[in-house]
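1. Sequence first, predicted model second:
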Amino acid sequence: MATNIVARPEIAFELKSRTSRLRAELHGPELAFLMEAHDGLSAKIVEQAGFRGIWASGLSMATALGVRDSNEASWTQVLEVLEFMSDATSIPILVDGDTGYGNFNNVRRLVRKLEQRGVAAVCIEDKLYPKTNSFIDGGKQELADIDEFCSRIKAGKDSQQDDDFSIITRVEAFIAGWGLGEALKRAEAYHAAGADGILIHSALSQPGEVIAFKREWGDRCPVVIVPTKYYTTPTEVFRDAGFSMVIWANHMLRAAIDAMQSCAAKLANE
């Protein structure tokens, strides 16, 4: 048995836990890509396409449930969707955990429940609960107090049972218009509090902000980006900048909506 694993390294990869596989993608030498999914079917399609990880998008799950991306879907409703996604697939899931759905106590419970459902990692953002989508009135959004947000990170790390479970912290300083200095200050505090990676977010149509952050941040820990707004940037630019992971954040949902609208209109009209 051991000989077979050595001879076929893909088997050894398959036998690793989902948490360790997500961590390997995050820390690997190559730029990793996660694709969005929002239910069991879309998650299975992502896996079949060859992606090595899934982004369980808060926006997409909320939209699929018919509500806004403002914590209108409860965290237990999101948890139920994640259970179907986890059951339908074998690749790691990084879930968009919004703000952690409250304070440190909520994050502690969230991490425990995610682990029970086989989710590999969670990303929490440094905004106030209930959150507002980052691309709506970005400059008016309030950010969490740094120490208070660090308490959420610490509580999550303290409560996880699997050492390989990852907590990614999403820095919203650029979204709120606070600039590079504030982004670096927050990222360093979150890293010190135990964050396994930093997701640096930007609403600009060019990647200047996130590249400037990565240049100053260096290799202190992995940096994740979501090029929803700067989507025309070639991925080679992200490789050259040294980012660890790129998330295609809502493409499956967009494609599904377009196809369903076209089908419904055609059937109704013809």
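-> Thanks, I have the structure now. Numbering: from 1, shown residues only.

2. out of everything not next to it in sequence, what's closest to V95?
-> A56 (4.1 Å; Cβ to Cβ, 6 or more residues apart in numbering). Heads up, the C-betas are built off the backbone N, CA and C, glycines and all.

3. got the phi/psi numbers for that neighbour?
-> Main-chain dihedrals, A56, degrees, to the nearest 10: phi -90, psi 90.

4. From T76, how far out is it?
-> 15 Å (Cβ to Cβ, to the nearest Å).

5. between these two, which one's more packed in?
-> Neighbour comparison, A56 and T76: the larger count goes to A56, with 28 against 9 (by other Cβ atoms under 10 Å).

6. if I read this right, that one contacts G97, doesn't it?
-> No: counting by Cβ atoms under 8 Å, A56 sits too far from G97 to count as a contact (9.0 Å).

7. for F104, what are its contacts?
-> Neighbour list for F104: 151-152, 154-155 [criterion: Cβ atoms under 8 Å, 6 or more residues apart in numbering].

8. out of these, who has the most neighbours?
-> In terms of neighbours by other Cβ under 10 Å, these top out with R152 at 28 neighbours.

9. sec struct for that residue, please.
-> When classified by DSSP: H, G, I helix; E, B strand; the rest coil, R152 comes out as helix.

10. can you count the residues close to the residue nearest to it when sequence neighbours are not counted?
-> Counting by Cβ to Cβ, 6+ apart, V107 is the residue found nearest to R152 once chain neighbours are left out, at 4.4 Å. Residues near V107, counting by other Cβ under 10 Å, number 27.

11. does V107 count as helix, strand or coil?
-> helix.

12. Might one say that it is in contact with D158?
-> No: between V107 and D158 no contact is recorded; they are 9.9 Å apart, counting by Cβ under 8 Å.

13. Which one of the contacts of F104 is nearest to A144?
-> R152 (8.0 Å; Cβ to Cβ).

14. wait, doesn't the closest one sit right on R109?
-> No: counting by Cβ under 8 Å, R152 stays clear of R109, with 11.6 Å between them.

15. Just the helices from this protein, written as ranges.
-> Under the criterion DSSP state H, helices of the chain are mapped to 2-7, 9-15, 18-27, 40-49, 58-64, 75-88, 104-116, 146-159, 179-193, 208-217, 235-241, 251-269.

16. Can you check which of the ones you listed gets nearest to K140?
-> It's helix 179-193; of these, that one is closest to K140 (Cβ to Cβ) at 16.0 Å.

17. about what we covered before: of the helices of the chain, which shows the lowest average pLDDT?
-> When the helices of the chain are compared on mean pLDDT, helix 2-7 scores lowest, with a mean of 30.

18. Report the buried residues of stretch 93-105.
-> Buried residues in stretch 93-105, counted by 16 or more other Cβ atoms under 10 Å: 93-104.

19. on that earlier part again, any chance of CSV for the helices of the chain, columns distance to V224?
-> Putting those into CSV (distance: least, Cβ to Cβ, whole Å) gives the following:
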stretch, distance to V224
helix 2-7, 30
helix 9-15, 21
helix 18-27, 8
helix 40-49, 17
helix 58-64, 15
helix 75-88, 19
helix 104-116, 18
helix 146-159, 15
helix 179-193, 12
helix 208-217, 10
helix 235-241, 10
helix 251-269, 16
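
20. Which among these is found nearest to S166?
-> Smallest distance to S166 across the helices of the chain (Cβ to Cβ): 5.8 Å, for helix 18-27.

21. Looking at the helices of the chain, which is nearest to F135?
-> helix 58-64 (9.5 Å).

22. quick one, what contacts R21?
-> Contacts of R21 by Cβ under 8 Å, 6+ apart are 13, 52-53, 91-92, 120.

23. Could you pick out the buried ones from those?
-> Buried among the contacts of R21 (16+ other Cβ under 10 Å): 52-53, 91-92, 120.

24. Now flag whichever of those residues is closest to V246.
-> Of these, the one sitting nearest to V246 (Cβ to Cβ) turns out to be G53, at 10.9 Å.
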